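Enquirer: Need a 3D model of the following:
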Amino acid sequence: MSCDQAEVQPQIAEDLWLQRKLSSLMATSPPPEICREAYQRLVLSDTIALYLTTDDRDGVVAACYMPQDAILFLAKSGSSDSSYIAESKVFFRELANANGFEDLLPFLARRSCNRVNKRIRKLRHYYKMFGEELLREARKYEPTDTEFSGPWYRKFVQIAQTGNQLDKLSFKQILLHVLTFCKEQLENNIEFSDKPESHRQFAALLYAASALLNSDFYPWLENENCLSRLGRQLEKITDYLRVSRLIKVWRRYGQDTNIKWIADVEQSEVPRTLATAGVGERHLEAIYWRNVHQTTDDYRPYLFRKMDWRFPGWKGEASETITFVPCMHAEIRLILYLMGSFGNLQTRHDETIPIGCGQRSCFACTLWIYEFNRVLQMKWTTRRNNGPPRYDCALPRAEAIVPYVGAEGYQRITSYVHQGIRDAIAEVIREQLGDAVEDYVDDYFRRLRNSP
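Expert: Presented below is the predicted three-dimensional model:
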């Protein structure tokens, strides 16, 4: 496969658009094993990136702390922006003076209300699916003597005692209060904003979500679907509580830490146009003939019906064009900058290098980091990966990575990303094709039975 970026990038953008329409993700290989010290750095870097990330299209921030030099490196997706540097100074100043995570909520409201509310909406969606089941199971459940762990459930107990005018609550009562409180708050469409009242409501929701997530009750549930899908949303919403740990660390080490925003790895701001018509059918045709050994069109109508019902809009529209600006995502920019700034990184094969990120690494970035690690035998890692496909993801140009991996390595990485996206799309279409064949066979025998 030719891997010139000028040729591959438009194709990858089309494929990522379709992959997102198909809600298609394939599990990539697990991230490198990580020691306790590196994991702590990863969590704290993640928290910094989370609070500095904005609602802008290219507003995701990545962070990496180099302990040997006491430097915190920061990058944003796309091109650099001086306003991010100015706002980060405000953040670290407020971080140094904060007594608790609540003190950072006004800053968060200025930066990323939309992102916070998106997490609340997702939690609401899955809690609506599983909330009643949680309550039913909780009524039958007998709490353990150490039912809750972590500091936040005590905060919630204070709220529950005040609201219900109770002196003492049993673990069973706390659990039921947690579940009903989450249900009521989410049903009331709580929304995070710059208003102090919304901050109090948001903090209370986080205390309740953390109490549930860190209870013995939650892993006791047998509904794996609930544990994984709702659990992911509980984890994402409670990420904002991690700043409490960062406050303590920054109070101790912040004055000795240098902060550096990188501006050396730039991206073009030239808009591109993505025409969606025919993208889905091009993939479907290739997979259809690769998997249907008989030269037959019999299954095709069934397959199209399946796809139309399951994935509305997957064919694209002749009149639909999407204008976007491709941008290199923040974690990739950070990796490339650090590779050029620290000549000995390539020799540190046994060391995990954590990159904090304001959101999950997208699907293409996950593939890119994995293969980059394999080529160089390195261990760059983000805490959450395999995120939704983003067609604005721009792969690094050859000149940016050939100095580290060579021309062959560049082709290998780019091919791996491109093929990984295609494989994810193919997996979905093959699954629908299998269902379409079954429908065809059922119809065939139904017609035989009904024929005179």
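Enquirer: Look up which helix or strand the one residue sitting closest to the centre of the chain falls in, please.
Expert: In the chain, the residue lying closest to the centroid (C-alpha atoms, centre = their mean) is Arg360, at 2.6 Å. Using DSSP states H and E, Arg360 falls within no helix or strand.
Enquirer: Please report phi then psi for the residue lying closest to it once chain neighbours are set aside.
Expert: The shortest distance from Arg360 to any non-neighbouring residue, by C-beta to C-beta, 6 or more residues apart in numbering, is to Gly387 (3.2 Å). In short, each C-beta sits where N, CA and C put it, glycine included. Main-chain dihedrals, Gly387, degrees, to the nearest 10: phi -80, psi -180.
Enquirer: coming back round to it: ok, the residue nearest to the centre of the chain to Gln432 distance?
Expert: 26 Å (C-beta to C-beta, to the nearest Å).
Enquirer: rewinding a little: neighbours around the residue nearest to Arg360, how many?
Expert: Neighbour count of Gly387, defined by other C-beta atoms under 10 Å: 17.
Enquirer: Make sure it is actually in contact with Cys357.
Expert: No: proximity of Gly387 to Cys357 does not meet the contact threshold set by C-beta atoms under 8 Å, at 9.2 Å.
Enquirer: Going along the chain, name the strands of the stretch 151-300 of the chain.
Expert: For the stretch 151-300 of the chain, the strands defined by DSSP state E, counting those that start in this stretch occupy 258-261, 272-275.
Enquirer: Now do the buried residues in the last one.
Expert: The reference is to strand 272-275. Arg272, Leu274, Ala275 (16 or more other C-beta atoms under 10 Å).
Enquirer: Does it pack against any helices or strands, and if so which?
Expert: helix 5-21, strand 321-324 (3 or more C-beta pairs under 8 Å, 6 or more residues apart in numbering; DSSP states H and E).
Enquirer: what's the least confident stretch among those?
Expert: Note on the helices and strands packed on strand 272-275: helix 5-21 shows the lowest mean pLDDT, a mean of 80.
Enquirer: buried ones in the next helix or strand after that helix?
Expert: Downstream of helix 5-21, the next assigned helix or strand under DSSP H and E is helix 36-52. Buried residues in helix 36-52, counted by 16+ other C-beta under 10 Å: 38, 41-52.
Enquirer: Next, format these as JSON lines and append pLDDT and distance to Ile401.
Expert: Listed next are these as JSON lines, based on pLDDT from 0 to 100; distance: C-beta to C-beta, whole Å:
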{"residue": "Ala38", "pLDDT": "85", "distance to Ile401": "24"}
{"residue": "Arg41", "pLDDT": "89", "distance to Ile401": "24"}
{"residue": "Leu42", "pLDDT": "90", "distance to Ile401": "23"}
{"residue": "Val43", "pLDDT": "90", "distance to Ile401": "28"}
{"residue": "Leu44", "pLDDT": "92", "distance to Ile401": "28"}
{"residue": "Ser45", "pLDDT": "94", "distance to Ile401": "22"}
{"residue": "Asp46", "pLDDT": "95", "distance to Ile401": "24"}
{"residue": "Thr47", "pLDDT": "95", "distance to Ile401": "29"}
{"residue": "Ile48", "pLDDT": "96", "distance to Ile401": "26"}
{"residue": "Ala49", "pLDDT": "96", "distance to Ile401": "22"}
{"residue": "Leu50", "pLDDT": "96", "distance to Ile401": "27"}
{"residue": "Tyr51", "pLDDT": "96", "distance to Ile401": "30"}
{"residue": "Leu52", "pLDDT": "95", "distance to Ile401": "26"}
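Enquirer: Could you single out the nearest of those residues to His349?
Expert: His349 lies nearest to Ala38 out of the buried residues of helix 36-52, by C-beta to C-beta, at 14.2 Å.
Enquirer: That closest one: what's it in contact with?
Expert: Contacts for Ala38 (C-beta atoms under 8 Å, 6 or more residues apart in numbering) come out as Glu351, Thr352, Ile353, Pro354.
Enquirer: how about low-confidence regions in the stretch 51-200 of the chain?
Expert: Across the stretch 51-200 of the chain, the ranges flagged by pLDDT under 70 are 163-167.
Enquirer: ok, back up a step: I figured the residue nearest to the centre of the chain hits Pro389, correct?
Expert: No: counting by C-beta under 8 Å, Arg360 does not reach Pro389; the two are 11.4 Å apart.
Enquirer: Report the rounded mean pLDDT for stretch 357-372.
Expert: Throughout stretch 357-372, pLDDT has a mean value of 93.
Enquirer: all numbers from here: first residue = 15
Expert: Taking 15 as the first residue, the last one we looked at is stretch 371-386.
Enquirer: where's that stretch relative to the chain centroid, distance-wise?
Expert: Counting by C-alpha atoms, centre = their mean, to the nearest Å, stretch 371-386 is centred 10 Å from the centre of its parent chain.
Enquirer: Okay, buried residues for stretch 329-347 please.
Expert: Buried, per 16+ other C-beta under 10 Å, within stretch 329-347: Lys329, Gly330, Val339, Pro340, Cys341, Met342, His343, Ala344, Glu345, Ile346, Arg347.
Enquirer: repeat for stretch 152-164
Expert: Ala152, Tyr155, Pro157, Glu161, Phe162.
Enquirer: for the last one, what are its contacts?
Expert: The contact partners of Phe162, taken as C-beta under 8 Å, 6+ apart, are Phe185, Ile188, Ala225, Asn228, Ser229, Asp230.
Enquirer: make it 10 Å
Expert: Shown in contact with Phe162 (C-beta atoms under 10 Å, 6 or more residues apart in numbering): 168, 170-171, 185, 188-189, 192, 224-226, 228-231.
Enquirer: how close does it sit to Ile443?
Expert: Phe162 is 46 Å from Ile443, by C-beta to C-beta.
Enquirer: The first one too?
Expert: For Ala152, the distance to Ile443 equals 41 Å [C-beta to C-beta].
Enquirer: and the residue nearest to Lys329 when sequence neighbours are not counted, how many neighbours?
Expert: Nearest residue to Lys329, sequence neighbours excluded (C-beta to C-beta, 6+ apart): Gly294, at 4.8 Å. For Gly294, the neighbour count with other C-beta under 10 Å is 22.
Enquirer: what's the angle between the longest helix along the chain and helix 19-35?
Expert: As assigned by DSSP state H, the longest helix anywhere in the chain is helix 412-464. Angle of helix 412-464 versus helix 19-35, following axes from the mean of the first three to the mean of the last three C-alpha atoms, to 10 degrees, is 40 degrees.
Enquirer: Which elements pack onto helix 412-464?
Expert: Packed against helix 412-464 by the contact rule (3 or more C-beta pairs under 10 Å, 6 or more residues apart in numbering; DSSP states H and E) you find helix 19-35, helix 293-305, helix 314-324, helix 344-355, helix 377-390.
Enquirer: Among those, which comes closest to Ser97?
Expert: For Ser97, the closest of the helices and strands packed on helix 412-464 is helix 344-355, at 15.5 Å, according to C-beta to C-beta.
Enquirer: I am finished for the moment; much appreciated.
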